[in-house]
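Trainee: Could you work out the structure for the sequence below:
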Amino acid sequence: MRAVQVQTTGGPEVLRAVEVDDPVAGEGQLLVEVAASGVNYIDTYHRTGVYPLPLPFTIGLEGAGTVVAVGEGVTRFAVGDRVAWASAPGSYAEKVAVPQDQAVAVPDGVALDVAAGAMLQGLTAHYLTASTYPVQAGDDVLVHAAAGGMGLLLTQLVKARGGRVIGTVSNAEKEKLAREAGADEVIRYTEVEVAPEVRGLTGGEGVAVVYDGVGKDTFDASLDSLRVRGVLALYGAASGQVPPVDLQRLNSGGSLFVTRPSLGHHLRTREELEWRAGEVLGAVARGELTISIGARYPLSDARQAHEDLEGRRTTGKVLLQPSA
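Mentor: Presented below is the predicted three-dimensional model:
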């Protein structure tokens, strides 16, 4: 089969689509023919070695497809089932061995490519809005990169919980996408300073929570946008890692809270995975949550997919499709 491998860490140019042996469904695993693989920022951290993995490795964590074989001990799924997953290493491939404990059933009426696009980012948006800071009706919420895959999902989930979304984007095209997803106010950070605009839009109070996946470039503005006892949920670092911070800033800013959450810590049990995936995929099936797929690439164009993602040239979800 074809798979995208990393043999040495580095930039997008290290991604190579190569022929490798098909994986085998081991004990407790499903062998899945992949319909689509999700491209996520965590993949770039693996590619560059920020999150090191033993070399060489097949990159990718997220996807969806159809079960073609099952290993010993598999009880939850059978051949022919449609499944999706957020964390199965080696997902940039035509086939992948997925632990049954990481897979969830894709509801009828939800296309496999949509399910692939809903998993890692959808589950992340769910834990951020339901657990890290449970949004309440009337809360003012700042969402950075509001036209990206995560931003569009966060905006919809915040609105569903009764919050008011202030989104940041870079241009008019992205502002249109953010507003279509439900953003109440949109700040073009290329034209104005974010924190003063946020203060102006909230009567000087600031927001209850900032959902920040950008990191280094937005961290200061995020802190300065919070209300007293506000929460900064720093869930990613698309612009780079945040330098060390003097914690006294949290006191002077108004007894602020900063957290650096991750998906793995919010999927510690099968019950939690099924709860979050059930709510996300269920909302998709009912038409209450839209997964915006902004770009699709064949496996051979994984390098271009990473270049476009890191260059902020994409909107919505980015997918690799082995059959393309």
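
Trainee: Double-check Val207 against Ile166; I have them as touching.
Mentor: Yes. Shown here, Val207 and Ile166 form a contact pair, counting by CB atoms under 8 Å, at 6.7 Å. Quick note: C-beta positions are derived from backbone N, CA and C, even for glycine.

Trainee: what touches both of those two?
Mentor: With contacts taken as CB atoms under 8 Å, 6 or more residues apart in numbering, the residues that reach both Val207 and Ile166 are 140-142, 198.

Trainee: Give me the local confidence score for the residue most central in space within the chain.
Mentor: Closest to where the C-alpha atoms of the chain average out (CA atoms, centre = their mean) is Gln121, at 2.7 Å. What the model reports as pLDDT for Gln121 is 94.

Trainee: Quickly find the element holding it.
Mentor: Per DSSP states H and E, Gln121 falls inside helix 120-127.

Trainee: Could you name the helices and strands sitting against that helix?
Mentor: helix 149-160, helix 270-285 (3 or more CB pairs under 8 Å, 6 or more residues apart in numbering; DSSP states H and E).

Trainee: tilt between the top strand by length along the chain and helix 120-127?
Mentor: Determined from DSSP state E, the single longest strand within the chain is strand 29-39. Between strand 29-39 and helix 120-127, the angle comes out at 90 degrees (axes from the mean of the first three to the mean of the last three CA atoms, to 10 degrees).

Trainee: and strand 29-39, C-alpha only, in PDB?
Mentor: The C-alpha coordinates for strand 29-39 follow below in PDB (Å, rounded to 0.1, in the frame of the first residue of the first chain):
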ATOM      1  CA  GLN A  29      -7.200  -4.000  16.300                       C
ATOM      2  CA  LEU A  30      -9.200  -3.200  13.200                       C
ATOM      3  CA  LEU A  31      -7.700  -3.200   9.800                       C
ATOM      4  CA  VAL A  32      -9.400  -0.200   8.100                       C
ATOM      5  CA  GLU A  33      -9.300   0.900   4.400                       C
ATOM      6  CA  VAL A  34      -8.900   4.600   4.800                       C
ATOM      7  CA  ALA A  35     -11.400   6.900   3.000                       C
ATOM      8  CA  ALA A  36      -9.800  10.100   4.400                       C
ATOM      9  CA  SER A  37      -7.100  11.200   6.800                       C
ATOM     10  CA  GLY A  38      -7.200  14.400   8.700                       C
ATOM     11  CA  VAL A  39      -4.300  16.800   8.500                       C
END
